[in-house]
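>>> Mind folding the following:
(one chain, ligands or ions: 2)
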Amino acid sequence: MTTVIAIANQKGGVGKTTTATNLAAAFAMKKKRTLLIDLDPQANTTLTFFPLDELAQSVYDVLADHHVKLAEVVKPTRTPNLCVAPAKIALAKLETLLVGQFDAPYRLKDALAPCRDEFDMILIDTPPALGLITVNALVASTHLLVPIQAAYYAMEGSDDLLDTLERIRSRPNPELQLLGVVITLFDKRTNLARDIHKQVCTVFGDKVFKTVVNKNVRLEESPAYKETVFTFAPDSSGAQDYERLAREVLQRVQ
Ligand SMILES: Nc1ncnc2c1ncn2[C@@H]1O[C@H](COP(=O)(O)OP(=O)(O)O)[C@@H](O)[C@H]1O
Ligand SMILES: [Mg+2]
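Ligands and ions are numbered 1, 2, ... in the order given. I've put the predicted structure just below:
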C-alpha cells in the first residue's frame with residue numbers, strides 16, 4: 001500500500017520544504033518509487049528541481065480543473081525514482097476558487113487516486129497555514145509528519161495543528177495518523193535547543209523521532225544549486241540526518 005505523508009506546520013521557516021525535498025530524495029535512493037507534491041504557492045520545493053518558466057502546468061491546474069490529470073503535471077527529476085508534481089504561484093488563487101465547492105477538501109485525494117499505486121511513497125509539502133490547501137493534503141494522506149524548529153516559541157500553534165488533525169480524522173479521513181514530530185534546525189551547542197528538544201519530547205512522547213535534523217549550511221545551500229543535499233553534499237551532516245530520518249520513517253510505516 002502506498003504511504004502518503006503530509007508535511008505540515010502552520011509556522012513558516014521550520015524546515016517543511018527542506019524535509020519534504022530531502023526525505024523524498026532519501027526514499028528514492030532507497031529504491032522507493034517516490035512522488036513529491038508541492039502544495040505551497042511559494043513553490044520552493046519545485047524550484048529545487050526545475051526553473052518555473054519551464055513548467056506549462058502545475059498542481060494548480062489539477063486541483064482547479066477536473067479535466068487536468070495529475071499524471072500530466074508529474075515530472076521526473078535527475079534523481080532516479082523521484083518525480084515531482086510542481087507548484088506555481090497560481091496556487092495562491094486556489095482557496096478563493098474552491099470556496100463553496102462541495103468537493104473542495106477532496107480535490108487532491110481524487111486527483112491522486114488514479115496514480116497512487118505507481119508510487120511507494122508520496123510526500124506533500126504544504127504552505128504555512130491551516131487553510132484549504134493544507135486540508136486537501138491531510139485528507140489525501142495516510143500520515144502527518146510535523147517538523148518543529150528547535151527555537152523559541154517552537155510549540156506555539158501545535159495545539160491548532162493537532163486540533164485540525166483530530167477534526168480531519170473524525171470526518172473526512174479516519175485513516176490519518178500522526179507519523180511523528182521531527183526536530184529541525186537543531187544546534188546542539190545551545191542550551192535553548194536542548195531545552196526545546198526536552199519540551200517537545202514531554203508533549204509528544206514517543207512520537208518524536210530519535211533522529212534530529214541539525215543545523216547544516218549545506219541544507220541551506222543545496223536548493224540554490226538545484227540539487228538535493230544528497231547530490232550537493234553527500235557527506236554532510238544534513239545528508240546523514242535525512243538518510244537516518246528516512247530509515248526511521250520506513251520502520252514506522254511498515
Ligand atoms: N537543518 C537546517 N540547517 C540549516 N538551514 C536550514 C535547515 N533546515 C532548513 N533550513 C533553512 O531554513 C529556511 C527555512 O526552511 P524551509 O525548509 O524553507 O522551511 P518551511 O518550508 O517550513 O518554510 C530555508 O532557508 C532553509 O534552507
Ligand atoms: Mg516551505
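>>> CA only for contacts and neighbour counts going forward, please
Will do.
>>> What lies in contact with stretch 42-59?
17-18, 20-21, 37-39, 70, 73, 77, 84-89, 91, 125, 127, 223-228 (CA atoms under 8 Å, 6 or more residues apart in numbering).
>>> filter those by proximity to ligand 1?
By CA under 6 Å from any ligand atom, the members of the contacts of stretch 42-59 lying near ligand 1 are 17-18.
>>> Emit the PyMOL select command for whichever of the contacts of stretch 42-59 are buried.
With 16 or more other CA atoms under 10 Å as the criterion, this PyMOL line picks the buried residues out of the contacts of stretch 42-59:
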select buried, resi 17+18+20+21+37+38+39+70+73+84+85+86+87+88+91+125+127+223+226+227+228
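>>> if I look at the residue of the chain most remote from its centre, how far off is V212?
Note on the chain: the largest C-alpha distance from the chain mean falls to N191, namely 28.4 Å (CA atoms, centre = their mean). Distance, N191 to V212, by CA to CA, to the nearest Å: 15 Å.
>>> Point out the residues in the stretch 151-254 of the chain that sit beside ligand 1.
Residues of the stretch 151-254 of the chain lying close to ligand 1 by CA under 6 Å from any ligand atom are 184-185, 213-217, 219-220.
>>> Filter those residues down to the buried ones.
Applying 16+ other CA under 10 Å to those flags 184-185, 213-216, 219 as buried.
>>> Among those residues, name the ones in strands.
Judged by DSSP state E, these include T184 as members of strands.
>>> what's the most distant pair in the buried ones among the residues of the stretch 151-254 of the chain next to ligand 1?
Farthest-apart pair in those is T184 and L219; separation 11.2 Å (CA to CA).
>>> Say whether ligand 1 is contacted by stretch 130-144.
No. Applying CA under 6 Å from any ligand atom, one finds stretch 130-144 separated from ligand 1 by no less than 12.9 Å.
>>> average model confidence for that stretch?
Stretch 130-144 shows an average pLDDT of 97 in the prediction.
>>> now swap in stretch 156-172 and tell me
Average pLDDT, stretch 156-172: 94.
>>> Tell me the residues of the stretch 1-150 of the chain that contact ligand 1?
Residues of the stretch 1-150 of the chain lying near ligand 1 by CA under 6 Å from any ligand atom: 12-18.
>>> for the stretch 101-250 of the chain, what spans make up the strands?
Per DSSP state E, counting those that start in this stretch, the stretch 101-250 of the chain carries strands over the ranges 121-125, 143-149, 177-184.
>>> ok, A137 - contacts?
Contact analysis of A137 by CA under 8 Å, 6+ apart lists 6, 39, 108-109, 124, 126.
>>> The same query, at a cut-off of 7 Å, please.
Neighbouring residues of A137 by CA atoms under 7 Å, 6 or more residues apart in numbering: 6, 108, 124.
>>> That one and R194: what is the separation?
Applying CA to CA, the value for A137 to R194 is 31 Å.
>>> Tell me which stretches of the stretch 101-250 of the chain form helices.
For the stretch 101-250 of the chain, helices defined by DSSP state H, counting those that start in this stretch occupy the ranges 107-112, 132-140, 158-170, 191-204, 217-221, 229-232, 237-253.
>>> Output those in CSV; the columns should cover distance to D61.
Compiled in CSV, those are given as follows (distance: least, CA to CA, whole Å):
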stretch, distance to D61
helix 107-112, 11
helix 132-140, 14
helix 158-170, 25
helix 191-204, 37
helix 217-221, 30
helix 229-232, 29
helix 237-253, 30
